[in-house]
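>>> sequence and predicted structure below; questions after.
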Protein chains: 2
Amino acid sequence: MPVRLHAPALLPCDRDSECTVVRDAALDIDAAGRIGYAGPRADAPSPSGATVIELSGILLPGLINAHAHSPMTVLRGMGGDLPLLRWLREVIWPAEARMGPADIRAGMVLGSVEMLRHGVTTSAEMYFQGEQVVDAVLATGARIVLGCPIIDLPGMDWRAMIAEVDRWIDADGVRFGPGDRIEIGYGPHSAYMLPEEALRHTAESAVERGALMQVHVAEARDEDENQRQGHGSVPKLLAAAGMLDGRVLAAHCVHMSDEDIALFADRGVGIAHCPGSNAKLASGIAPLTNLRAAGINVGLGTDGPASNDDLDLWHEVQLAAMLARLSTRDSTALSADEALLMATRGGAAALGRDDVRVLEPGRWADLVHVDLDDPTFAGGIDVPDEQLLANLVWGAGSRRVRDVWVAGDQVVAAAEPTKVDRAEAQAVVRSAGARVRV
Amino acid sequence: MPVRLHAPALLPCDRDSECTVVRDAALDIDAAGRIGYAGPRADAPSPSGATVIELSGILLPGLINAHAHSPMTVLRGMGGDLPLLRWLREVIWPAEARMGPADIRAGMVLGSVEMLRHGVTTSAEMYFQGEQVVDAVLATGARIVLGCPIIDLPGMDWRAMIAEVDRWIDADGVRFGPGDRIEIGYGPHSAYMLPEEALRHTAESAVERGALMQVHVAEARDEDENQRQGHGSVPKLLAAAGMLDGRVLAAHCVHMSDEDIALFADRGVGIAHCPGSNAKLASGIAPLTNLRAAGINVGLGTDGPASNDDLDLWHEVQLAAMLARLSTRDSTALSADEALLMATRGGAAALGRDDVRVLEPGRWADLVHVDLDDPTFAGGIDVPDEQLLANLVWGAGSRRVRDVWVAGDQVVAAAEPTKVDRAEAQAVVRSAGARVRV
């Protein structure tokens, strides 16, 4: 059934560097879950037959988390602040090895609920047991772009892992599910966890099927130094392996030369910038201003909840702006607008998902409603546009996300998920965590 | 009437570099608002005659915002992301000039409510119309350490400003109000906004009265360069003016030489580290690791809500850890524990307030209760201590502050202020903002 939303302010997010604000706006969701109209209420068609919902705040596109390993909600906080390698070897990897399919599903349900409550409608995920991950997201109502891990570790066979994704895509297609909510692709972990031959095989499979490849690139300083000795750089290695002939989403990209940046720009690689994870783990600050200046599509990612630890993409929006300003010594390096647009259309472009990047007719109705019941919004709705945007980005952010729709389906109402029970999702993860903790 | 609190976990925050967790804890508040007992419930005295309250989560000391200009909630977001000097000259200063006493009171009420809801019980404030600021805080129930501004601007007379603070302290004392909730001191703005003579006069008045001096130090790069030419450095100028003979709280301290750090350490100067403001305005990253290694008491501050823009000190806790790690390239540079302790006992020590820095008998009962009803706390209360602390600091933070006490008086219950009406406080600030906006 069609739905008409009325909102005092709407951010279509239809430009790359400026958020226009449409006042006294209307948005129509058609019976298929797509946007029929988005614009001034005065110009809207008659809402004949539609259910009319009056919203009190700001309507904007659903945020896109461009890099996550969300099932790791089960492991969140384990080991505390141990040094990275001890933390991985003594705590995270042993616990992860104990996670069974049901634990992964439970972790993904909770991660998905958490993201939806923060207004994140799409996440790019890289995690094992893809069918469990997909099943979880079908349950919560979120949208997912899954990179099925391809990795070279004892007991794992990268050839078999690639072949399994091939079969899945050949059976179900790259996109499927209600509202194209599920997208399946390849997750070749990284150049340091795979031989070049595996990258080449992955590229062949992915290019043939038009599937996205999600890969970690140049996250740690020493990783990059190793690759420089062998191949010049990680981006050059990916190019040599044929990966850049296909759709690539590169996560992190902290240690990039000008040549690397030019290469990624030239080949249309999308980047998931993860400022919080890179800061917490002391990986460094990605050269965001240069990446953007080169014309690369850059989205924002939280990384996994075991390492970041909060799946709140609004924090990444703020951090992206703060770290860009610090590293360039320029307080105008990235505005609040631009940072928010990275979390919406920027992420969609990096994922190659034109169907969700902006609020305009024909796109899926992935929507977030933020109300203003917070001291940081004390100015109210009738303030100049730049103040409303500053209050949204620097102030209330995720705290006031009230309602969320994915492909026109309301998945969060009054800040709680509509499809699953949050308390139950938390309880299942609690018992899973207690069981796998080492 | 005495109160007994029972909590499954209590953080006394009684050490400088490690948060111990007391499980199954009890805390007694005596009739005067001081802590009578804090420790294991099994060892607690009989709660005879006390009202017993069962809490579900974590009890910790109230957070201390070591640097704020909270009445500027009225101006929050105005001008958006204009370059700093245009923002000040075209938007903030003209609007600020229109703020009357009632607007300042309204802005402080709302800022105070916002901070209390985030678990901040004490704030170090620097703002005009001190009597209005104090009146606002008496209304909300918070604790304040006010630095009355001393500044050299057209139409302002720094001699008269000092004399006014002298008279106030001579009449009311340095600390007054229920539970010593009000502390009055001097706010010599900075070395660049005052002649050396004014710093000297302020120091004489403050030392004589044992009052705190709050001052901005080495926030911007060019500010520091100017001072270096004239005096060697800002810290050396403050020493020459006699300020370091008294109690000094220095905000920012971004651009500090090793000599400056040694000088502040030697003279017992406290520092308010403001990582969010310094990042957003591209001022730089303060050398936190060196400041702490020198033995300086460092607290955390939000700075004013016009520039940061959120008075959520939990963000500063996270940022302090992230930026310390980035700037040292060491993921163990500042642990979650240590960052949280900076927001509690570190801030109290920087302000010279031994009466609130820790949960132990004899201190004022300034308390925060954080419940666990959040996906980031899915592990529950029965996880190892380091996981509980990681979940608290990196996860739910301010989102789950439920109850707050100041000097034993409950000022927040179920996340809403008990003494003032939040909706009304927001409405008053809305109309003030609309009137003063240029």
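That came through fine. Residues are numbered from 1 along each chain as shown, chains lettered A, B, ... in the order given.
>>> A:G346 is in contact with A:N297, correct?
Yes: proximity of A:N297 to A:G346 meets the contact threshold set by C-beta atoms under 8 Å, at 6.2 Å. For every residue, glycine as well, the C-beta is placed using N, CA and C.
>>> looking at those two, which has the bigger crowd around it?
A:G346 (29 against 25; other C-beta atoms under 10 Å in any protein chain shown).
>>> where does the more buried one sit: helix, strand or coil?
Recorded secondary structure, A:G346: helix (DSSP: H, G, I helix; E, B strand; the rest coil).
>>> now do A:K236
Looking at A:K236 with three-state DSSP, the answer is helix.
>>> residues touching it, list them.
A:259-260, A:263 (C-beta atoms under 8 Å, 6 or more residues apart in numbering or on different chains).
>>> from those, which is closest to chain B?
Taking C-beta to the nearest C-beta as the measure, chain B lies nearest A:D260 of the contacts of A:K236, at 20.4 Å.
>>> which one is that closest one nearest to, not counting chain neighbours?
A:P235 (4.2 Å; C-beta to C-beta, 6 or more residues apart in numbering or on different chains).
>>> go on, A:P178?
A:A407 (6.5 Å).
>>> same question for A:A413.
A:A413 sits nearest to A:D403 (C-beta to C-beta, 6+ apart), 5.8 Å away.
>>> separation between the one you found and A:A220?
39 Å (C-beta to C-beta, to the nearest Å).
>>> of those two, which one has the most company?
Legend: neighbour count by other C-beta under 10 Å for A:D403 and A:A220, higher for A:D403 (22 against 19).
>>> element containing the more buried one?
strand A:401-406 (DSSP states H and E).
>>> what residues go with each domain of chain A?
A:3-61+A:362-415, A:63-351 (automatic domain parsing).
>>> to B:A272, which of the ones you listed lies closest?
domain A:63-351 (18.1 Å; C-beta to C-beta).
>>> pick out the residue nearest the middle of chain A.
A:N65 (1.5 Å; C-alpha atoms, centre = their mean).
>>> looks to me like that residue is in a helix.
No: under three-state DSSP, A:N65 sits outside any helix and is assigned strand.
>>> and the residue nearest to A:L212 when sequence neighbours are not counted, helix, strand or coil?
Nearest non-adjacent residue to A:L212, counting by C-beta to C-beta, 6+ apart: A:G185, 3.7 Å away. Following three-state DSSP, we place A:G185 in the strand state.
>>> next up, the contacts around A:G185.
Contacts of A:G185 (C-beta under 8 Å, 6+ apart): A:145-148, A:165, A:169, A:174, A:206, A:211-214, A:247.
>>> just the ones in strands from those, please.
A:145-148, A:212-214, A:247 (DSSP state E).
>>> which two from those end up farthest apart in space?
A:C148 and A:R247 (14.6 Å).
>>> now do the helices in the stretch 151-300 of chain A.
A:158-172, A:196-209, A:221-231, A:234-240, A:258-266, A:275-280, A:288-293 (DSSP state H, counting those that start in this stretch).
>>> can you name the next helix or strand after the helix or strand where A:A349 lies?
For A:A349, the host element (DSSP H and E) is helix A:347-351. Following helix A:347-351 in sequence order, the next helix or strand is strand A:367-370 (DSSP H and E).
>>> is stretch A:269-278 in proximity to chain B?
Yes: applying C-beta under 8 Å from any C-beta of the partner chain, one finds stretch A:269-278 touching chain B at A:276, A:278.
>>> which residues of the stretch 101-250 of chain A score low on pLDDT?
A:224, A:228 (pLDDT under 70).
>>> now do the SS call for the residue in it positioned nearest to chain B.
Relative to chain B, the nearest point of the stretch 101-250 of chain A is A:E114 (4.0 Å; C-beta to the nearest C-beta). Of the three states, A:E114 takes helix under three-state DSSP.
>>> quick check: it touching B:G395?
No: under the criterion of C-beta under 8 Å, A:E114 is not in contact with B:G395, lying 9.7 Å apart.
>>> overlap in contacts of these two?
In contact with both A:E114 and B:G395: B:T376, using C-beta under 8 Å, 6+ apart.
>>> is the residue nearest to A:L212 bridged to anything, and to what?
A:G147 (DSSP bridges).
>>> would you quantify the distance from it to B:A415?
A:G185 is 41 Å from B:A415, by C-beta to C-beta.
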